[in-house]
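# Provided below for reference: sequence and predicted model.
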Amino acid sequence: MDDTKAGSPVLLVRSGGAAALPAWQSAFAAVRPDLDVRGWNDPDVDPASVRYVLVWEPEAGRLAQYPNLEVIFSTAAGVDHIIRDPHRPLHVPVIRMGADDMAQTVGEYACLGALAILRDLPRILASERRQNFERFEGTRTARTTRAGIMGMGKIGQATAHMLQGIGFQVHGWTRTPRGGEGVRCYSGPAELDAFLAATDILVGILPDTPETRWLLNAERLAKLPSGAGVVNVGRGTLIVMRDLLAALDSGQISTAVLDVFEPEPLPPGDAAWTHERILVSGHVAGFASREGRAEWVAQCLARHEAGLVMGNIYDPERGY
């Protein structure tokens, strides 16, 4: 039987499993106590009572089962795990996660990757595995190193400021012209080559769109200065992996720090796992607390209920 609270809008959550539901309920109780927060597979929920969902990788066809669904929230910055559902109700807005924690944590990882390249962490780790107390000096510092960020949205701008705080010379590239809040921004295909030529460490924070897919191929990797490094925290489809491996083997690229891949999970036996100049992590760069995500959802719902435009709405024409 349906035991949903009379008159309370239902928010279904698919993130973290049943064990995480009490934490989600507590987080929303602090910011939207009127919501009836339920687990994704709660058998007592009437589908007609569901107005909002907060999801990661919902199974195909599931979203279409809620006739009164008003907003679909992604638990992450990406929404490809939602929009690939061919049965998704197209009239319902999809909202990318915009919690402040996301920009902070992605920026932290980008700094980690840039410093790993700057201080040659692969060499340090290799020495450790060999139990070789190797002493070597670097060839540059952050102050003499140019970091180029591909993607200057909220996350890219936060990353830029964090890298500047360390001392890197920072500039950005965007697909369309936009302000960079104190960071020089190149834009569009016409300025991509100049951006690459001025980049010693490239940080990818671009979404997966037709324009960005496989953008970093052999030709463009060759435009980077010899020995440049690559950090990718956006989407694995930014980079043609076989071309990156070839560039690493030739020395054109010195080091790659990769958190995202195509496909994911990275298959066992993939060359990236064992390449001596690649550092692999399992899509862990960006995360936000449940409290931060609940607050973001609450802010969006307040605008939605007031008839205002919500932030981070997925635009199919832009692809993100």
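Perfect, I can see it now.

# domains of this protein?
Following automatic domain parsing, the chain resolves into domains at 10-99+288-305, 101-280.

# do you know which of those domains lies nearest Gly319?
domain 101-280 (3.0 Å; Cβ to Cβ). In this view, the C-beta of every residue, glycine as well, is placed from N, C-alpha and C.

# that older thread, got a markdown table for the domains of the chain, with distance to Ile313, mean pLDDT and mean neighbour count too?
Shown next, in a markdown table, are these (distance: least, Cβ to Cβ, whole Å; pLDDT from 0 to 100; neighbours: other Cβ atoms under 10 Å):
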| stretch | distance to Ile313 | mean pLDDT | mean neighbour count |
| --- | --- | --- | --- |
| domain 10-99+288-305 | 5 | 97 | 18 |
| domain 101-280 | 13 | 96 | 18 |
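
# rebuild those domains as TSV, extending it with distance to Pro316.
Below are those laid out as TSV (distance: least, Cβ to Cβ, whole Å):
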stretch	distance to Pro316
domain 10-99+288-305	8
domain 101-280	10
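
# and of those, who's closest to Tyr320?
When the domains of the chain are compared by Cβ to Cβ, domain 101-280 sits nearest Tyr320, at 3.6 Å.

# quick one: secondary structure of Arg38?
At Arg38 the chain is in strand, as set by DSSP: H, G, I helix; E, B strand; the rest coil.

# that one contacts Leu12, correct?
Yes - counting by Cβ atoms under 8 Å, Leu12 is a contact partner of Arg38 at 5.5 Å.

# joint contacts of the two?
Common contact partners of Arg38 and Leu12 (Cβ atoms under 8 Å, 6 or more residues apart in numbering): Val45.

# who's in contact with Ser187?
The neighbourhood of Ser187, defined by Cβ under 8 Å, 6+ apart, consists of Trp173, Thr174, Arg175, Thr176, Pro177, Arg178.

# filter those down to just the ones in strands.
Trp173, Thr174 (DSSP state E).

# after the helix ranked longest in the chain, heading C-terminal, what element do we hit next?
In the chain, taking DSSP state H as the definition, the longest helix is helix 100-118. Moving toward the C-terminus from helix 100-118, the next helix or strand (DSSP states H and E) is helix 121-130.

# what lies in contact with the helix or strand following that following helix?
Once the chain leaves helix 121-130, the next helix or strand it forms, by DSSP H and E, is strand 146-150. With Cβ under 8 Å, 6+ apart as the test, strand 146-150 has contacts from 110, 114, 156, 159-160, 163, 168-173, 183, 195-196, 198-206, 215, 234, 238.

# got the contact list for the spatially most central residue of the chain?
Computing the C-alpha centroid of the chain and ranking residues by Cα atoms, centre = their mean puts Gly234 first, at 4.6 Å. Shown in contact with Gly234 (Cβ under 8 Å, 6+ apart): Met150, Gly151, Gly204, Ile205, Leu206, Pro207, Asp208, Thr212, Val260.

# that one falls within a helix, correct?
No - checked against three-state DSSP, Gly234 lies outside a helix; its state is coil.

# end to end, how far does stretch 23-40 reach?
Taking Cα to Cα, to the nearest Å, the first and last residues of stretch 23-40 lie 14 Å apart.

# please shift the residue numbers so they start at 114 in all later answers.
Okay, residue one is now 114; in that scheme the one you just asked about reads as stretch 136-153.

# so what touches it?
The contact list for stretch 136-153 (Cβ under 8 Å, 6+ apart) reads 117-118, 121-129, 131, 134, 158, 162, 165, 167-168, 171, 403-404, 406-408, 410-411, 414.

# what separates that stretch from the chain centre, distance-wise?
25 Å (Cα atoms, centre = their mean, to the nearest Å).

# and if you look at stretch 379-392?
Distance of stretch 379-392 from its chain centroid, counting by Cα atoms, centre = their mean, is 21 Å.

# contact partners of that stretch?
Contacts of stretch 379-392 (Cβ under 8 Å, 6+ apart): 226, 229, 234-235, 239, 354, 358, 361, 366-371, 374, 393, 395.
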